[in-house]
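*Asks:* Build the 3D model from these lines:
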Amino acid sequence: MRVLLAEDDPIFRLDLAQMLSEMGASEVCQCRNGEQALAMLQEKKWDLVVLDVAMPGLDGLHVAGEISRRRLAPVILVTAYSDDQTIQRALDNGVMAYLVKPVEEGRLRAAVELARARFAEMLQVRRDVVRLRGELADREALQQAKEKLQREKGMSEEEAYSFIRRQSMLQQQKMGQVARQLLEEDK
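*Replies:* Purely as a prediction, here's the structure:
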């Protein structure tokens, strides 16, 4: 597991880095502010990002928002703040787990597992949404193409479906692609 850790307190940063290494992190890259964290995000693919909220320059919530928008990695927020406003901003910026300082190793371990699992689930849901939208578009195109064949060629619905299916096999394309081609003809 490759971890990017952004924390401005050098002693706390070293403690967190050591805990993460003891938990099996193969690499813990450390930085002290949000600007450095954003720069390091460009260098590699990270499995986890741990951010302090209050850092000089860009705060951890801003960095978390960038990471979340680009779906780069799960984010754990580590902070001394537990007020409602900070928690809401963490939710709004896609934070996957939230720890209040001081951080114990057991809680960090739980947060890491939770954040990574939630992030994997989120990515899977997004892939499923894309796939389902494509399937829905294919079905709509197939229905429109069948209606076009029924209207223009006098085919029954079953004949139109069989025609599209045969063309799909002959052309080695999905039925949705064949249906779109039929719909584009004569335009």
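*Asks:* which residues does L51 contact?
*Replies:* L51 makes contacts with A6, E7, G34, A37, G60, V63, A64, V75, I76, L77, V78, as judged by Cβ atoms under 8 Å, 6 or more residues apart in numbering. Heads up, the C-betas are built off the backbone N, CA and C, glycines and all.
*Asks:* what's the neighbour count on the closest residue to the second one other than its chain neighbours?
*Replies:* Leaving aside its sequence neighbours, E7 sits nearest to R13 (Cβ to Cβ, 6 or more residues apart in numbering; 3.9 Å). By the other Cβ atoms under 10 Å criterion, the neighbourhood of R13 contains 20 residues.
*Asks:* correct me, but R13 touches L4?
*Replies:* No. Contact between R13 and L4 fails when scored by Cβ atoms under 8 Å: they sit 11.7 Å apart.
*Asks:* buried ones in stretch 142-152?
*Replies:* Buried positions in stretch 142-152, judged by neighbour count with 16 or more other Cβ atoms under 10 Å: L142, A145, K146, K148, L149.
*Asks:* where along the chain do the strands fall?
*Replies:* 2-6, 27-31, 48-52, 75-79, 97-100 (DSSP state E).
*Asks:* With I87 as the reference, name the closest of these.
*Replies:* Nearest to I87 among the strands of the chain is strand 97-100 (6.7 Å), distances taken as Cβ to Cβ.
*Asks:* Off-centre distance for the closest one?
*Replies:* Centroid separation for strand 97-100 versus its chain: 20 Å, with Cα atoms, centre = their mean, to the nearest Å.
*Asks:* Give me the contacts around that strand.
*Replies:* 74-82, 87, 90, 107-108, 111-112, 114-115, 118.
*Asks:* Could you pull up the mean pLDDT of it?
*Replies:* Averaged across strand 97-100, the pLDDT comes to 94.
*Asks:* Tell me which other helices or strands the helix ranked longest in the chain touches.
*Replies:* Longest among the helix segments of the chain by residue count, using DSSP state H, is helix 105-153. With contacts defined as 3 or more Cβ pairs under 8 Å, 6 or more residues apart in numbering; DSSP states H and E, the secondary structure elements packing on helix 105-153 are helix 10-22, strand 48-52, strand 75-79, strand 97-100, helix 157-171, helix 175-184.
*Asks:* can you tell me how far the residue of the chain most remote from its centre sits from Y161?
*Replies:* Largest separation from the mean C-alpha position in the chain: G154, at 47.0 Å (Cα atoms, centre = their mean). G154 sits at a distance of 15 Å from Y161 (criterion: Cβ to Cβ, to the nearest Å).
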